[in-house]
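In: I would like the atomic coordinates for the input below:
(one chain, ligands or ions: 1)
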Amino acid sequence: MKHSRRTFLEAGLALPAVFGSAPELAAEPPPSAASKDSSFDPWVEIHRENLHHNVAAISRRVSARPILAVIKNNGYGTGVTNIAKLLEPQPEILGFAVVKLHEAHSLRDAGIHKPILLLGPFDEQNLADAVARNILPMVYTALGPALDKIAVKTQKPVPLHICIDTGIGRVGVPYYQAPPLVRDLAGRKSVRIMGTMMTFTEDPDFDKEQLRRFNETCAAFEKDGIALGKKHAASSFSLFEHPDAFFDMVRPGMAVYGIYPENEFRHSGVLDLRPAISLKARVIYVKKLRKGDSAGYDRAYIAKNDVWVATLPVGHGDGWPREAAKGAKVRINGDLYPVIAVVSASHCIVEIGAEEKVKIGDIATSFDAKPGSRPEDVSEACGASVYDLTMHLNPLLPRRIV
Ligand SMILES: Cc1ncc(COP(=O)(O)O)c(C=O)c1O
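Out: Numbering: from 1, shown residues only. This is a model prediction of the structure:
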């Protein structure tokens, strides 16, 4: 099959509109402007309809409790401001949670006005700057004096969430040390407790113990008249496993992007999720290997027979994991082809078979929303985590909203 420049350009023009600053594919670049991005370079698509579908499905699952969408790590690969702009108009979304302070500021810079919870670290100056932009800190250490200073300046209490560690051991005040801290914060005029949260370890047995610890700790405060604000604990895993931990609000990330956090949940019937993130590129080279020819560093692949292979300009530097060479398949023109040899930084190779079925310029999909090439399919086939597939997508790749 021969590559036709004409059909390739038409395919490029048929691509959906580009959102934000991502480069556009153009048939003929204007004479003065040199192309900066190759039309062959990989890109990330964000599927608007599927996002909306997932949010509605989560909302039904949690009986219309508000959703605090976790959009940390560049919105799980979608682009933190892209995703916030897409989600903000949805009434089910109460606000957003990020870990990095710069992401919280980027959201405000982009005009996002819904609440933003900062799950990550900050110093006193960061705290003051964040509060000034209506970013809610997650607090679990003795920050009372710093909060007093800020409240004096702003002339209003600082809204915040308290994080209680019930066993994950990462951040949060250990539940057995929570009473003095929570009482101290609750007793200050400078503080407004908007929420109290915990994170499960997602160990089925220990989760039950964590939930018991959280419930008991919170009940003791509430008995003393301490208002804890909205209690929240449920990530995507808990949407499936812990309906008793939906509390006043849920805090999913992966499910919002339409991806099952565990492969076994796909067939549970609990939630119908539709992937909203795809990774695509165009075939850059097609050739026939002769029996005995090799491909990849260390000659990782040796052709058993004459075979057609295609080279894709997507590698681990783009976020396509090295594990993909251990069984992942890529969709080209509707068919799935195995990734062979090794995934190098900027390339991978797929085995096409005895016939030359693909041509230069054809779109190659690493993952999308179609059965067989969903992120969960890639994960099942090669062992890469769906979290790595999305969160490791290179932030510099163009993002296209479709
Ligand atoms: C504190 C916290 N809550 C919620 C989430 C969302 O998790 P998931 O993407 O599994 O829904 C995360 C993500 O790691 C998190 O760190």
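
In: Phe221 contacts Val182, doesn't it?
Out: Yes: using C-beta atoms under 8 Å, Phe221 is in contact with Val182, at 5.8 Å. For every residue, glycine as well, the C-beta is placed using N, CA and C.

In: which one's more surrounded, those two?
Out: It is Val182, of Phe221 and Val182, that has more neighbours when counted by other C-beta atoms under 10 Å, with 24 against 20.

In: which ones are touching that one?
Out: With contact set as C-beta atoms under 8 Å, 6 or more residues apart in numbering, Val182 has these partners: 162, 173, 196, 221, 226, 228.

In: the first one is in contact with Arg192, isn't it?
Out: No: under the criterion of C-beta under 8 Å, Ile162 lies out of contact with Arg192, with a separation of 11.3 Å.

In: the two: who's more crowded?
Out: Ile162 (25 against 18).

In: so in terms of bridging, what pairs with the more buried one?
Out: On the basis of DSSP bridges, Ile162 is bridged to Val139, Thr196.

In: please tell me the pLDDT value assigned to it.
Out: We have a pLDDT of 98 for Ile162.

In: point to the residue nearest the middle of the protein.
Out: Tyr76 (1.7 Å; C-alpha atoms, centre = their mean).

In: what about the closest residue to that residue other than its chain neighbours, how many residues nearby?
Out: Of all residues not flanking Tyr76 in the chain, Thr390 sits nearest, at 4.5 Å (C-beta to C-beta, 6 or more residues apart in numbering). Neighbour count for Thr390, taken as other C-beta under 10 Å: 26.

In: just give the nearest non-adjacent residue to Met254, would you?
Out: Using C-beta to C-beta, 6+ apart, the nearest residue to Met254 is Ser236, at 4.4 Å.

In: count the neighbours of the one you found for me.
Out: With other C-beta under 10 Å as criterion, Ser236 counts 25.

In: mind listing what it touches?
Out: The neighbourhood of Ser236, defined by C-beta under 8 Å, 6+ apart, consists of 252-256, 260-261.

In: same thing but 10 Å
Out: Contact analysis of Ser236 by C-beta atoms under 10 Å, 6 or more residues apart in numbering lists 58, 70, 202, 250-257, 259-262, 265, 271, 273.

In: repeat for Ile277
Out: The contact partners of Ile277, by C-beta under 10 Å, 6+ apart, come to 44-47, 50-51, 75-78, 83, 257-259, 367-369, 375, 386, 389-390, 393, 399.

In: mind doing that once more with 6 Å?
Out: The contact partners of Ile277, by C-beta atoms under 6 Å, 6 or more residues apart in numbering, come to 77-78, 257, 390.

In: for it, grab phi and psi.
Out: Ile277 adopts backbone torsions of phi -130, psi 130, taken as degrees, to the nearest 10.

In: that older thread, tell me which of the contacts of Ser236 fall in helices.
Out: Secondary structure defined by DSSP state H assigns Ile58 of those to helices.
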